[in-house]
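1. fold the stuff below for me.
(one chain, ligands or ions: 1)
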Amino acid sequence: MFSIKQAERFNKIETPFYYYNTELLKNTLAEIIKHAPSSYHIHYALKANAHPTLLGFIKGAGLGADCVSGNEIKRAVECGFDAAKIVFAGVGKSDKEINYALEQGISCFNVESLHELQIINELAENKNTIARIALRINPNVDAHTHKYITTGLEENKFGINPYEFDAILDAIKKLPQLQLIGLHFHIGSQIQKLSVFKTLCLRVNEINKWFIQKGHLLPNINVGGGLGINYQEPDKQAIVDFKTYFTVFKEFLELRPQQELHFELGRCIIAQCGSLISRVLYIKNGINTNFLILDAGMTELIRPALYQAYHKIENISKDSSYGSIKYDVVGPICESSDCFGKAVALPDTKRGDIIAIRSAGAYGEVMSNHYNLRDGVKSVFDSELRSQ
Ligand SMILES: *Cc1c(COP(=O)(O)O)cnc(C)c1O
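-> Got it, this is the predicted structure:
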């Protein structure tokens, strides 16, 4: 929750910028550590936010790193993550990226196709090394989330389908540089119904049993990430209910004693820790619509334009961020989709007021871009402001 005092501090800084609450991040990490049984291995999905300062806290809490590109692996290594705790996923790993990951000796490649298995084997052979791999499985579980962030259905490009399993196991027998160590699942993002994770557990049980029957008792079971957050009321539940989330897996997942459970959480760790802070440039009143034109746009936060994502918008320069005037809150970019929210109820707003776009810590800064030759977006941390 932001105060007017906070708005005054923000007023002295050039906008737009991302503001990160590292106190909240520390508390979120502490909750994860508190509620995850010690046998659970938690990885942080760097693609949600790869700022080195934030990664420092996450690494410090003992989490591993889930990477989806060579540069994310590089960032994780530079920020001190142990290679033994780095996993590499993605449907389109380039040869350069695979080679780099092999050189770093990462713990596991999450492999998405038969063809990729063959290429990793070949590249590992060139380096005279063994690549540890997990099969990313498409479990055909509906995540009941937005279609653009659903990944676990057969129609999605991700993962290996059950009808391919026999062929995959036959192929692996003939690929001596590969060591199959696990099964990997990630069905989508911003999943709010915990029943979806229960369904996932039941599918994982079936698939795990199938592999065990075929003689593959695999040590790593990785259930991915996807736990959703409360975008509507970011202050009501700043830290998600990790206890209940982990309980679903404790209750429904049937693991053998030799098997470890791995998670890859992104959004639910970092989303509520970040807000996009901007200033009102202009107010433009029409017959039916009032526009609030900000100095931040889809170049800083693309989620609303990309997949109709909702972010809470607050005028923090006013006593109460609530009000009865409806504005379409838009950015300066030359695209009609550059809109953060339609008919947003706000107090009477003036040029220069500070607007906070909440829950923007995940998939915000990392997706920012230079369209319209915009400046790169800056980031500011709570610790810097306190010392002012
Ligand atoms: C994006 C992604 C995650 C993290 O998803 P969140 O919804 O941010 O928790 C985890 N694993 C893989 C493979 C991913 O692609």
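
2. got any ranges where the stretch 51-200 of the chain has weak pLDDT?
-> Residue ranges of the stretch 51-200 of the chain with pLDDT under 70: 146-155.

3. again, only using 90
-> 139-159 (pLDDT under 90).

4. ok and the residue in it nearest the ligand?
-> Minimum separation of the stretch 51-200 of the chain from the ligand (Cβ to the nearest ligand atom) falls at S189, amounting to 3.2 Å. Using the backbone N, CA and C atoms, a C-beta is placed for each residue, glycine as well.

5. which phi and psi does that residue have?
-> Listed backbone geometry of S189 is phi -130, psi 160, with angles given as degrees, to the nearest 10.

6. that one: neighbour count?
-> S189 has 24 neighbours, counted by other Cβ atoms under 10 Å.

7. look up how far the ligand lies from the residue lying farthest from the centre of the chain.
-> The outermost residue of the chain relative to its centre, with distances by Cα atoms, centre = their mean, is I287 at 40.0 Å. Note on I287: its distance to the ligand, by Cβ to the nearest ligand atom, to the nearest Å, is 41 Å.

8. who are the contact partners of the closest residue to the ligand within the stretch 251-388 of the chain?
-> Per Cβ to the nearest ligand atom, the residue of the stretch 251-388 of the chain with the smallest distance to the ligand is G266, at 2.6 Å. The neighbourhood of G266, defined by Cβ atoms under 8 Å, 6 or more residues apart in numbering, consists of Y44, A45, L46, K47, A48, N49, D66, S189, G225, A362.

9. cool, and L194?
-> When contacts are counted by Cβ under 8 Å, 6+ apart, L194 is found next to T244, Y245, V248.

10. quick one: name the residues of the stretch 101-250 of the chain near the ligand.
-> When proximity is defined by Cβ under 6 Å from any ligand atom, the stretch 101-250 of the chain lies next to the ligand at H186, S189, G224, G225, G226, L227.

11. by neighbours, which of the residues you listed wins?
-> When neighbours are counted as other Cβ under 10 Å, the busiest of those turns out to be G226, with 29 neighbours.

12. hey, what's the closest residue to that residue other than its chain neighbours bridged with?
-> Counting by Cβ to Cβ, 6 or more residues apart in numbering, the nearest residue to G226 once its immediate chain neighbours are dropped is I191, at 4.5 Å. According to DSSP bridges, the residues that bridge with I191 are L227.

13. these two touch, right, I191 and V223?
-> No: counting by Cβ atoms under 8 Å, I191 stays clear of V223, with 11.4 Å between them.

14. so what are the domain limits for the chain?
-> Residue ranges for the domains of the chain, per automatic domain parsing: 4-17+272-386, 22-271.

15. how long is the shortest one from one end to the other?
-> Which is domain 4-17+272-386. Distance between the boundary residues of domain 4-17+272-386 (Cα to Cα, to the nearest Å) amounts to 15 Å.

16. state the mean pLDDT of that domain.
-> Along domain 4-17+272-386, the predicted local confidence has a mean pLDDT of 95.

17. which stretches in the stretch 1-150 of the chain count as helices?
-> With helices called from DSSP state H, counting those that start in this stretch, the stretch 1-150 of the chain shows them at 4-11, 22-35, 52-60, 70-78, 95-104, 114-126.

18. redo the ones you listed as JSON lines? Include mean neighbour count.
-> Rendered in JSON lines, the data for these read as follows (neighbours: other Cβ atoms under 10 Å):
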{"stretch": "helix 4-11", "mean neighbour count": "16"}
{"stretch": "helix 22-35", "mean neighbour count": "17"}
{"stretch": "helix 52-60", "mean neighbour count": "18"}
{"stretch": "helix 70-78", "mean neighbour count": "19"}
{"stretch": "helix 95-104", "mean neighbour count": "17"}
{"stretch": "helix 114-126", "mean neighbour count": "17"}
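
19. mind checking which of the ones you listed is nearest A84?
-> For the helices of the stretch 1-150 of the chain, proximity to A84 was assessed by Cβ to Cβ; helix 95-104 is nearest, at 10.2 Å.

20. closest to G90 out of the contacts of G266?
-> K47 (9.4 Å).

21. which pLDDT value goes with that closest one?
-> As summarised for this prediction, K47 has a pLDDT of 98.

22. pretty sure it contacts M367?
-> No: if you go by Cβ under 8 Å, K47 and M367 don't touch, sitting 9.3 Å apart.

23. so these two - more neighbours on which side?
-> Between K47 and M367, counting by other Cβ under 10 Å, K47 is the more crowded of the two (21 against 16).

24. contacts only, for that one.
-> K47 touches C67, V68, S69, E72, G266, Y363, V366, counting by Cβ under 8 Å, 6+ apart.

25. what do you get if the cut-off is 7 Å, keeping everything else the same?
-> Neighbouring residues of K47 by Cβ atoms under 7 Å, 6 or more residues apart in numbering: V68, E72, G266, V366.

26. next: A50.
-> Per Cβ under 7 Å, 6+ apart, neighbours of A50: E72, R75, V366.

27. for the ligand, see how far away it is.
-> Between A50 and the ligand the computed distance is 12 Å (Cβ to the nearest ligand atom).

28. quick one: the biggest helix by length in the chain to chain centroid distance?
-> In terms of residue count, the longest helix belonging to the chain (DSSP state H) is helix 194-213. Taking Cα atoms, centre = their mean, to the nearest Å, one finds the center of helix 194-213 at 23 Å from the center of the full chain.

29. go through this structure and flag its longest strand.
-> In the chain, with assignment by DSSP state E, the single longest strand is strand 274-285.

30. for the residue nearest to F263 when sequence neighbours are not counted, give its distance to N222.
-> Counting by Cβ to Cβ, 6+ apart, F263 lies nearest to I42, which is 5.1 Å off, once chain neighbours are set aside. Using Cβ to Cβ, to the nearest Å, we find I42 at a distance of 11 Å from N222.
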